[in-house]
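> need a structure here:
(one chain, ligands or ions: 1)
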Amino acid sequence: MSADAADDYDVVILGGGSGGYACALRSAELGLSVALVEKGKLGGTCLHVGCIPTKALLHAAEVADVAREGERFGVRTTLEGVDMPGVNAYKDGVVGRLHKGLQGLVKAAAIEYVEGAGRLDRPHTVVVGDRRLTGKNVVLATGSYAKSLPGLEIGGRIMTSEQALSLDHVPARVVVLGGGVIGVEFASVFRSFGSGVTIVEALPRLVAAEDEALSKQLERAFRKRKIAFKTSVRFAGASQNGDVVTVSLESGETIEADLLLVAVGRGPVTDGLGYAEAGVTIDRGFVPTDERLRTNVDGVYAVGDIVPGLQLAHRGFAQGIFVAEQIAGLSPVPIVESGIPRVTYCDPEIASVGLTEAQAREQHGEVETYEYNLGGNGKSQILGTQGFVKLVRAKDGPIVGVHMIGARMGEQIGEAQLIVNWEAHPEDVAGLVHAHPTQNEALGEAHLALAGKPLHAHA
Ligand SMILES: Cc1cc2nc3c(=O)[nH]c(=O)nc-3n(C[C@H](O)[C@H](O)[C@H](O)COP(=O)(O)OP(=O)(O)OC[C@H]3O[C@@H](n4cnc5c(N)ncnc54)[C@H](O)[C@@H]3O)c2cc1C
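Now for the predicted structure:
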């Protein structure tokens, strides 16, 4: 179609990742006319190079560990090896099926799907090739990219998560630059596949955005798994020579490896897209919004990773849905950022929601905390995992933070998020019966203890 009056919509969305496509689907559900512009693949980072493929790798890693450790459970197994083409075929199959399903949803919703790179021309017009799509409302949802460090060029044996997702072999030695979520997940996968792994992190602890107790327990678990890590150490440079990449640190130390994975965070994709020229305020590349996700320009919204805050797919989904409902006049309730659940899928898994102990002290003054050790939890003993559930409570008030670590603890985040977001008191949760034997009981036991009636709690 060439430029004509028919290219007018209630909503034009730039970017078809988690934030953009969720906004498109909900807008269509609400009877709005929608155009969705995507230059790559529908589903964006999460589906193609983020959440889904990494979690497939982590599952393959778990299978490798189970095969290697069968003896522990009295089952004779050996790990013959990891066939990366086979792992990639499994991972790509998962992604492919979900991609097809999502394409079907968008098609069935009668969304005008426009392939190509779009650009904001005026506040309410997006140009894609020779098409000018005009929206009463425009939603910016162009997502994020993997950052590097000054002077560190990606290529060859130096890669970001994107290239590391499709390796055709298991590297013998890996240096992971960055001990945040993406760094520790890849470190976990590589170790399970048999690589020697060293994490280099400039901050004083791994997963530094989490409660300090979780970092300490993860570091203990990684030491046990022989995942090496150096914290409070700054990267100085890296060079490649034939089969080796040499990483140098400001401490003067050098580390040789077959692969350097750069996992130093993700930056917003906003450059050169006409945002600033259309009058949209940009702050260090991000698009600031108010709590209703409105930019400073009337009728222009932003969702997902380009909005400062947690860079998570489910935050993008929720923001996309919120904006559609806002546009449709439903006055949705604003999303509380601290109520968004966070899961890091390394082994052991980390799951948290709400305030860390330090944040709670800042916000609430006096707080109470309780750590329930998984040693007292039957299912965790069966699985052979260690860890804890930590509760943070405002003094005599509701639970404001839940922080969990241990195998499969990500699955416990559903109840934890209800507890925090519904501002439950320990006594409210202590009255609920948790099924036995599940890891979910650990959450129940922690609340029993904080309510003053511990059952399987060891001092
Ligand atoms: C390795 C990795 C693992 C992750 N794991 C998890 C996880 O387990 N759980 C979780 O919640 N989150 C995870 N994330 C984060 C998650 O992927 C992002 O938070 C999410 O994808 C953000 O959604 P978005 O819509 O803002 O952006 P994106 O998903 O990045 O989508 C933006 C889309 O916009 C398109 N686009 C950009 N510019 C243009 C243009 N000019 N014209 C047209 N289209 C354009 C892009 O092609 C892209 O498809 C992970 C990320 C990575 C990298």
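> pLDDT score assigned to whichever residue of the stretch 51-200 of the chain sits closest to the ligand?
The ligand sits closest to Gly143 of the stretch 51-200 of the chain, with a gap of 2.2 Å, by C-beta to the nearest ligand atom. For glycine as for every other residue, the C-beta is placed from the backbone atoms N, C-alpha and C. Gly143 carries a pLDDT score of 98 in this model.
> That one contacts Asp305, correct?
Yes. Between Gly143 and Asp305 a contact is recorded at 5.0 Å, counting by C-beta atoms under 8 Å.
> Settle it for me: which of those two has more neighbours?
Asp305 (31 against 26; other C-beta atoms under 10 Å).
> Nearest spatial neighbour of that one, chain-adjacent residues omitted?
Nearest non-adjacent residue to Asp305, counting by C-beta to C-beta, 6 or more residues apart in numbering: Ser144, 3.8 Å away.
> cool, Leu355 as well?
Gly401 (4.3 Å).
> coming back round to it: dump the residue contacts of the residue of the stretch 51-200 of the chain closest to the ligand.
Gly15, Gly17, Gly19, Gly44, Thr45, Pro268, Val269, Gly304, Asp305, Ile306 (C-beta atoms under 8 Å, 6 or more residues apart in numbering).
> Just the buried positions in the host helix or strand of the third one, please.
What it means is Gly19. Taking DSSP states H and E as the criterion, Gly19 maps to helix 18-29. Buried residues in helix 18-29, counted by 16 or more other C-beta atoms under 10 Å: Ser18, Gly19, Gly20, Tyr21, Ala22, Cys23, Ala24, Leu25, Arg26, Ser27, Ala28.
> residues shared between the contacts of Gly143 and Asp305?
Common neighbours of Gly143 and Asp305 (C-beta under 8 Å, 6+ apart) are Gly17, Gly19, Thr45, Pro268, Val269.
> between these, which is nearest the ligand?
Gly17 (1.9 Å).
> Report the separation between that closest one and Val189.
23 Å (C-beta to C-beta, to the nearest Å).
> cool, and Ser195?
9 Å.
> the more surrounded of the two?
Val189 (27 against 20).
> so who does that one touch?
Val189 touches Thr54, Leu57, Leu58, Ala60, Ala61, counting by C-beta under 8 Å, 6+ apart.
> which SS class is it?
Secondary structure, DSSP: H, G, I helix; E, B strand; the rest coil: Val189 is helix.
> For the stretch 101-250 of the chain, what lies in contact range of the ligand?
Ala117, Gly118, Ala141, Thr142, Gly143, Ser144, Ser161, Ile182 (C-beta under 6 Å from any ligand atom).
> Mind picking the two most distant members of these?
Gly118 and Ile182 (27.2 Å; C-beta to C-beta).
> Let's have the buried residues of helix 18-29 in a markdown table, adding pLDDT and distance to Tyr275.
A markdown table is the format used below for those (pLDDT from 0 to 100; distance: C-beta to C-beta, whole Å):
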| residue | pLDDT | distance to Tyr275 |
| --- | --- | --- |
| Ser18 | 98 | 19 |
| Gly19 | 98 | 15 |
| Gly20 | 98 | 15 |
| Tyr21 | 98 | 20 |
| Ala22 | 98 | 21 |
| Cys23 | 98 | 17 |
| Ala24 | 98 | 19 |
| Leu25 | 98 | 24 |
| Arg26 | 98 | 23 |
| Ser27 | 98 | 21 |
| Ala28 | 98 | 25 |
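> Report the two of the residues you listed separated the most.
Ser18 and Ala28 (16.4 Å).
> returning to that earlier point: neighbour-wise, which of the contacts of Val189 leads?
Leu57 (25 neighbours).
> wait, doesn't that residue sit right on Met84?
No. Between Leu57 and Met84 there is no contact under C-beta under 8 Å: 10.0 Å.
> What pLDDT is listed against Ala6?
Value listed for Ala6 in the pLDDT field: 68.
> Same check on the one 3 residues further on?
With respect to pLDDT, Tyr9 scores 98.
> Count residues in the vicinity of it, would you?
23.
> now swap in Glu291 and tell me
With neighbours defined by other C-beta under 10 Å, the count for Glu291 comes to 11.
> Surely it touches Pro334?
Yes. Between Glu291 and Pro334 a contact is recorded at 4.2 Å, counting by C-beta under 8 Å.
> Now do Leu14, the pLDDT please.
98.
> give the contact list for it.
Here Leu14 is in contact with Gly20, Val37, Gly118, Leu120, Val126, Val138, Val139, Leu140, Ala141, Thr142, Leu273 (C-beta under 8 Å, 6+ apart).
> picking up where we left off before, and which of the contacts of Gly143 is nearest Ala208?
Nearest to Ala208 among these, with distances taken as C-beta to C-beta, is Asp305, at 19.3 Å.
> Give me the angle between the strand ranked longest in the chain and helix 18-29.
For the chain, the strand with the greatest residue count under DSSP state E is strand 131-140. Angle of strand 131-140 versus helix 18-29, following axes from the mean of the first three to the mean of the last three C-alpha atoms, to 10 degrees, is 110 degrees.
> Tell me which other helices or strands strand 131-140 touches.
strand 8-14, helix 18-29, strand 34-38, strand 118-122, strand 125-128, strand 300-302, helix 313-327 (3 or more C-beta pairs under 8 Å, 6 or more residues apart in numbering; DSSP states H and E).
> export these to CSV and tack on distance to Gln217?
Formatted as CSV, those follow (distance: least, C-beta to C-beta, whole Å):
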stretch, distance to Gln217
strand 8-14, 41
helix 18-29, 29
strand 34-38, 40
strand 118-122, 45
strand 125-128, 47
strand 300-302, 36
helix 313-327, 24
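> So which of the ones you listed is nearest Pro348?
Comparing those by C-beta to C-beta, helix 313-327 comes nearest, at 21.2 Å.
> quick one: is the closest one near the ligand?
Yes. Helix 313-327 lies within reach of the ligand by C-beta under 6 Å from any ligand atom, at Ala313, His314, Gly316.
> which of these has the most neighbours?
Gly316 (29 neighbours).
> That one contacts Ser18, correct?
Yes. Gly316 is in contact with Ser18 according to C-beta under 8 Å; the separation is 3.5 Å.
> Okay, strands next: where are they in the stretch 151-300 of the chain?
158-159, 173-177, 196-200, 228-230, 235-241, 244-249, 254-257, 259-262, 266-268, 300-302 (DSSP state E, counting those that start in this stretch).
> between the fifth one and strand 196-200, how big is the angle?
Using the same axes, to 10 degrees, one finds that strand 235-241 and strand 196-200 are set 140 degrees apart in direction.
> what residues does strand 235-241 touch?
149, 151-152, 156-158, 177, 200, 202, 245-250, 260.
> thinking in terms of the whole chain, how far from its middle is that strand?
How far strand 235-241 lies from its chain's middle: 28 Å, per C-alpha atoms, centre = their mean, to the nearest Å.
> Keeping just the C-alphas, turn that strand into PDB.
The C-alpha coordinates for strand 235-241 follow below in PDB (Å, rounded to 0.1, in the frame of the first residue of the first chain):
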ATOM      1  CA  PHE A 235      38.000  -4.700  33.100                       C
ATOM      2  CA  ALA A 236      41.000  -3.100  31.400                       C
ATOM      3  CA  GLY A 237      41.000  -4.600  27.900                       C
ATOM      4  CA  ALA A 238      40.800  -7.700  25.700                       C
ATOM      5  CA  SER A 239      42.800  -8.900  22.700                       C
ATOM      6  CA  GLN A 240      42.300 -11.900  20.400                       C
ATOM      7  CA  ASN A 241      45.100 -13.900  18.900                       C
END
